[in-house]
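A.B. asks: Next comes the sequence, and after it the predicted model I'd like to discuss.
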There are 2 protein chains.
Amino acid sequence: MPEWRKDPVVDRWVVIASERGKRPSDYKVAPDLPRGGRCPLCPGHEQDTPPEVLAFRDSGAGSNQPGWWVRVVPNKFPAVRIEGDFDCRQDGVYKQMNGLGAHEVVVESTGHHRGLEEQPARQVEEVIWAWRQRSLDLRRDSRFKYIQIFKNFGQVGGASLEHPHSQILALPVIPADVQGELAGAQACWREHGGCVYCSILRQEVSAGRRMVVENEHFISFVPFAARFPFEMCILPREHQWDFGSIREEQVADLAQIIRHSLGKLNNIFGRPPYNLYLHTAPVNSGHYEEYHWHVEILPRLTILAGFELATGYVINPTPPEMAAAELRDAAVSRQEEARYSNQEVAQYV
Amino acid sequence: MPEWRKDPVVDRWVVIASERGKRPSDYKVAPDLPRGGRCPLCPGHEQDTPPEVLAFRDSGAGSNQPGWWVRVVPNKFPAVRIEGDFDCRQDGVYKQMNGLGAHEVVVESTGHHRGLEEQPARQVEEVIWAWRQRSLDLRRDSRFKYIQIFKNFGQVGGASLEHPHSQILALPVIPADVQGELAGAQACWREHGGCVYCSILRQEVSAGRRMVVENEHFISFVPFAARFPFEMCILPREHQWDFGSIREEQVADLAQIIRHSLGKLNNIFGRPPYNLYLHTAPVNSGHYEEYHWHVEILPRLTILAGFELATGYVINPTPPEMAAAELRDAAVSRQEEARYSNQEVAQYV
């Protein structure tokens, strides 16, 4: 029997339609087209990008030269521009403002073909440090109200470059979906005197049915009202509203749980397209102690079609509990299967 | 210079990023995979579907037999079910209810390969009459609060069958996106004493820059804050909140303007994937005289990726004014080019 489920934070109902395609093999993942040509993100091609805004590199190496292991550059084709002011113009019923913002690319590795989850743990930690450092730097510009970190993988996921990379957009407005989450978190705080995400965390750990993997500082689980099949949410155990406050021991655990969550997805679907994003509190616009930052991983196994675009609601053909069971059973990576399956990966019934 | 634009109805900002890919030839449209096998929607295969709930057919022909020209059947793999009650259950922070709803398929033609816009005008009118008749019938069930009519075309558009068809979902809740539009329309009505869609209509007709085609009862234009490249909105000139109230002369004009809008899109992109949906007032839940029903056409030339999924905001790489100019210049159909270009299609500078 299919079910309607309401997201516990925002006002969004999801149909869990268990009668439709449901097992991993029911999904066809479109293989990505091979992309040839010169890669602007590979070492030795530093001149193909705008000058770097951050790089972790060997002490001897000069900027915009090889010798880096993580590098952040402005997007060569930015969706928004850092120049200009911010005034709104009104033309009859229409309102517009300049395309103010910053748009950066985080080159996650020197290796062209290795996915984020295939990197050594230490390398993923370095990527997270780069996210944090750019987030702290960009918020110094008080015109920016939100720093959006996200990653597109695979052609269907919207990646236009094969080389592993993530993106950072600094925005002059708080995004609608974040506003929705803030409103939900604030309402819960007001009514129940506590954080809705902390309640979710307790309930997921206690129920176990939707858990995927956990470690000291984070849990990874399939949300109760997941919009996408095999969607995962990574939540810090500690109530922390600003990703910028992440501490060293948390960075290590976040790197591990991202690698393991993506690794399990890979082992089921074979490098499927996905989107990953980080939701954190807005900047330069007040206090948001009711919020709780988190990472979401959205495998792109289904197509958002007319119903989703018309209603804002989504049909998810795989029950979250079934997806979670498959993910729990999957190895973290082909190489590390033996090493992790009985140690770092918590096992649930 | 890119721009942020706010939708005049809902609280949604869009980046118009004119520096990115912008001309029709900048978009690669993924060709649809050919689909073989027996088509359950073709004449003679009526037994492959659940029994019809509506058919327009020759007077002599029996139900669930050939002889129809438009046929409506329940979806064989429904996302929602018409049986059962509607009670909400709470489990800790989570709320859920049964997957109540109706899910129907409108077979738009006997021809397997002809798109909606390639049908004769009369046939498109019949499809609209079927939409209306099912909408009026489904609302007689007071559990349903919204009747969502939509169409997926092409693989990227989410169509799982090649045979031309649209879908109808009857829902026990008012969709989030419709709620957003209702709230915007109600706020405008309260503050300005008028309909926001009527204001949009007047401003678009007067400005002309985003107009695509018009006739006596409708206009088709590219929205000021279009989310998708070459998106079009079809708006009745008359203030009418309920699609169910459509009159005969309006049906004829709606059929014409849908055919022409889609025909122009085809002539630019060669049968691109698209979604089409109809937004109208909710049913069985009060009065919505502030609303104004409309049809939206969303070509699927771009991919909704991490930024869109993280923020609810969208990057549209083609300025609406440029898209509108291309659409105005395009012929309505290859056959009818000469016939329409100087007559029924209004020309703007």
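C.D. replies: Sure thing, it's come through. Numbering: from 1, shown residues only, chains lettered A, B, ... in the order given.
A.B. asks: Residues touching stretch A:192-205, excluding its own?
C.D. replies: Stretch A:192-205 is touched from outside by A:8-9, A:184-185, A:188-189, A:210-211, A:214, A:219, A:221, A:224, A:235, A:237, A:239, A:290-292, A:294, B:92-94, with contacts defined as CB atoms under 8 Å, 6 or more residues apart in numbering or on different chains. Every residue, glycine included, has its C-beta placed from N, CA and C.
A.B. asks: In strands only, show me these.
C.D. replies: When DSSP state E defines the strands, the subset of the contacts of stretch A:192-205 inside them is A:211, A:214, A:219, A:221, A:235, A:294, B:94.
A.B. asks: Quick check: A:R227 touching A:I315?
C.D. replies: No. Checked against CB atoms under 8 Å, the pair A:R227 and A:I315 is beyond contact range at 9.1 Å.
A.B. asks: residue ranges with poor pLDDT in the stretch 1-150 of chain A?
C.D. replies: Along the stretch 1-150 of chain A, the parts satisfying pLDDT under 70 run over A:1-35, A:85-87.
A.B. asks: For the stretch 151-300 of chain A, which residue gets nearest to chain B?
C.D. replies: Nearest residue of the stretch 151-300 of chain A to chain B (CB to the nearest CB) works out as A:G158 at 2.5 Å.
A.B. asks: need the residues of the stretch 101-250 of chain A near chain B, please.
C.D. replies: Within the stretch 101-250 of chain A, the positions near chain B by CB under 8 Å from any CB of the partner chain are A:101, A:148, A:150-152, A:155-159, A:167, A:169, A:171-173, A:175-180, A:196, A:199-200, A:203, A:224-225.
A.B. asks: switch to 7 Å and redo it
C.D. replies: Contacts of the stretch 101-250 of chain A with chain B, taken as CB under 7 Å from any CB of the partner chain, map to A:148, A:150-152, A:156-158, A:169, A:173, A:175-178, A:196, A:199-200, A:203, A:224.
A.B. asks: quick one: contacts for A:V107?
C.D. replies: A:41, A:70-71, A:163, A:165 (CB atoms under 7 Å, 6 or more residues apart in numbering or on different chains).
A.B. asks: ok, and the closest non-adjacent residue to it?
C.D. replies: In this structure, A:V107 finds its nearest non-sequential neighbour in A:R71, 4.4 Å apart by CB to CB, 6 or more residues apart in numbering or on different chains.
A.B. asks: surely that neighbour meets A:A55?
C.D. replies: Yes. Here A:R71 lies in contact with A:A55, judged by CB atoms under 7 Å, at a distance of 4.5 Å.
A.B. asks: who has more neighbours, these two?
C.D. replies: A:R71 (27 against 19; other CB atoms under 10 Å in any protein chain shown).
A.B. asks: any residues touching the helix or strand hosting that one, and which ones?
C.D. replies: Element membership for A:R71, per DSSP states H and E: strand A:68-74. Strand A:68-74 is contacted by residues A:49-50, A:52-57, A:103-108, A:110, A:123, A:126-127, A:130, A:134 when judged by CB under 7 Å, 6+ apart.
A.B. asks: Now list the buried members of these.
C.D. replies: A:49, A:52-55, A:57, A:103-108, A:110, A:123, A:126-127, A:130, A:134 (16 or more other CB atoms under 10 Å in any protein chain shown).
A.B. asks: still on that earlier bit, my guess is the residue of the stretch 151-300 of chain A closest to chain B meets B:F307, correct?
C.D. replies: No. Using CB under 7 Å, A:G158 is not in contact with B:F307; the gap is 8.2 Å.
A.B. asks: Give the burial count for the nearest residue to A:R227 once chain neighbours are set aside, as a bare number.
C.D. replies: Nearest residue to A:R227, sequence neighbours excluded (CB to CB, 6+ apart): A:V314, at 4.3 Å. A:V314: 18 surrounding residues under other CB under 10 Å.
A.B. asks: Helices of the stretch 51-200 of chain A, start to end?
C.D. replies: Here the stretch 51-200 of chain A has its helices, by DSSP state H, counting those that start in this stretch, at A:121-138, A:176-192, A:196-207.
A.B. asks: and the residue lying farthest from the centre of chain A, what does it touch?
C.D. replies: For chain A, the residue at maximal distance from the C-alpha centroid (CA atoms, centre = their mean) is A:G92, at 37.8 Å. Shown in contact with A:G92 (CB under 7 Å, 6+ apart): B:Q203.
A.B. asks: go on, A:Y277?
C.D. replies: A:Y277 sits next to A:149-150, A:296, B:306, B:309-310 when contact means CB under 7 Å, 6+ apart.
A.B. asks: rerun that using 8 Å as the cut-off
C.D. replies: Counted by CB under 8 Å, 6+ apart, A:Y277 has contacts A:148-151, A:295-296, A:298, B:306, B:309-310.
A.B. asks: can you pull up the bridge partners for it?
C.D. replies: On the basis of DSSP bridges, A:Y277 is bridged to A:F150, A:E296.
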